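In: Provide a 3D model corresponding to the input given below.
(one chain, ligands or ions: 2)
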Amino acid sequence: MKALLLVDIQNGFCPGGNLPVPHGDEIVPVANRLIAEGGYDVIVASQDWHPANHGSFASQHPGKKPFEMGELSGAPQVMWPDHCVQGTGDSEFHPDLDLDAIDYIQQKGENPAVDSYSAFRDNDQAALTGLAGYLKAQQVDELDVCGLATDYCVKFSALDAVDMLPGVEVRFIEDASRGIDPEGAKTAIKEMRAKGIGIVSSEAILAD
Ligand code: VGL
Ligand code: ZN
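Out: Ligands and ions are numbered 1, 2, ... in the order given. Modelled structure (predicted):
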């Protein structure tokens, strides 16, 4: 079974959101085309879903400013602007994303004491989400990953997919993703490639 994982295509990561990824909204029509014509059997989406007091927010650390480094539960942590707070418009999926086609939504980042870039588990790797179990139950053996942001949640989700779904071929769809920082995105693609993740374009997928 072929699956598509759409990572965090939410208002908060698009222009106008609280943690905007440059040109993040440009991936929405690409994602919709992949959903409609990509030949996927299973389509899943992750949703960054933080409580208002999440420990990744600079606002929870007196004296810290957004994008500085800080600490969370003893580990280094980027201090993010408040973003994707549960129940706010910032945490909603982009209004143009074709939600009807999504079979399973994996929320993440609910524990205020740890961040969760990956859709599969928290950054400390202690608590798992249900996503690996869901994909295994669907007998997925090919997983394409795309979304926001290439250098954070997309990268960590793709790397975890390789570790947590043995035997599954994992690919990253470059033009259906955008990064927070261009250098970070380049490094992320190198890390994914080094892990055996294929780097593909939506064009190639749609032409198949
Ligand atoms: C993300 C930073 C903080 C992401 C989520 O979706 O890439 N980045 N929370
Ligand atoms: Zn977040």
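
In: contacts and neighbour counts: CA atoms only from here.
Out: OK.

In: please see if the strand or helix carrying residue 161 touches ligand 1.
Out: In the assignment (DSSP states H and E), residue 161 maps to helix 155-164. No: for a cut-off given as Cα under 6 Å from any ligand atom, helix 155-164 has no contacts with ligand 1; the smallest distance is 8.3 Å.

In: number of nearby residues for residue 175?
Out: 17 (other Cα atoms under 10 Å).

In: so what's it up against?
Out: 27, 30, 201-202 (Cα atoms under 8 Å, 6 or more residues apart in numbering).

In: could you do residue 113 as well?
Out: 54-55, 72-73.

In: any idea how far it is from residue 170?
Out: Distance, residue 113 to residue 170, using Cα to Cα, to the nearest Å: 29 Å.

In: and if you look at residue 29?
Out: 22 Å.

In: mind checking which of the two has more residues around it?
Out: Set residue 29 next to residue 170 and count neighbours by other Cα under 10 Å: residue 170 wins out with 23 against 14.

In: what strand or helix carries the more buried one?
Out: Per DSSP H and E: residue 170 is located in strand 169-178.

In: where does the nearest residue to residue 188 once chain neighbours are set aside sit: helix, strand or coil?
Out: Computed as Cα to Cα, 6 or more residues apart in numbering, the closest residue to residue 188 that is not its neighbour in sequence is residue 151, at 5.3 Å. Under the three-state scheme (DSSP: H, G, I helix; E, B strand; the rest coil), residue 151 adopts helix.

In: my guess is residue 118 contacts residue 162. True?
Out: No: with contact defined as Cα atoms under 8 Å, residue 118 does not reach residue 162; the gap is 11.9 Å.

In: one step back: of the contacts of residue 113, which belong to strands?
Out: Those of the contacts of residue 113 mapping onto strands are residue 72, per DSSP state E.

In: picking up where we left off before, compute the inter-axis angle for the helix holding residue 161 and strand 169-178.
Out: 170 degrees (axes from the mean of the first three to the mean of the last three Cα atoms, to 10 degrees).

In: ligand 1 contacts on this protein?
Out: So far as Cα under 6 Å from any ligand atom goes, the chain lies against ligand 1 at 8, 117, 148-149, 152-153.

In: which of those lies closest to residue 94?
Out: Of all the residues of the chain next to ligand 1, residue 94 sits closest to residue 8, with 9.3 Å by Cα to Cα.

In: now do the same for that closest one: its pLDDT.
Out: pLDDT for residue 8: 99.

In: around it, how many other residues sit close by?
Out: 30.

In: what about the residue nearest to it when sequence neighbours are not counted, is that helix, strand or coil?
Out: Of all residues not flanking residue 8 in the chain, residue 47 sits nearest, at 4.9 Å (Cα to Cα, 6+ apart). Secondary structure assignment for residue 47 (three-state DSSP): strand.

In: I'd say residue 47 and residue 110 touch.
Out: No: with contact defined as Cα under 8 Å, residue 47 does not reach residue 110; the gap is 10.4 Å.

In: after the longest helix along the chain, which helix or strand is next?
Out: With DSSP state H setting the assignment, residue counts place helix 182-194 as the longest helix in the chain. Downstream of helix 182-194, the first helix or strand assigned by DSSP H and E is strand 198-200.

In: note down every partner strand of that following strand and its orientation.
Out: Taking DSSP bridges as the criterion, strand 198-200 forms sheet pairs with strand 169-178 (parallel).
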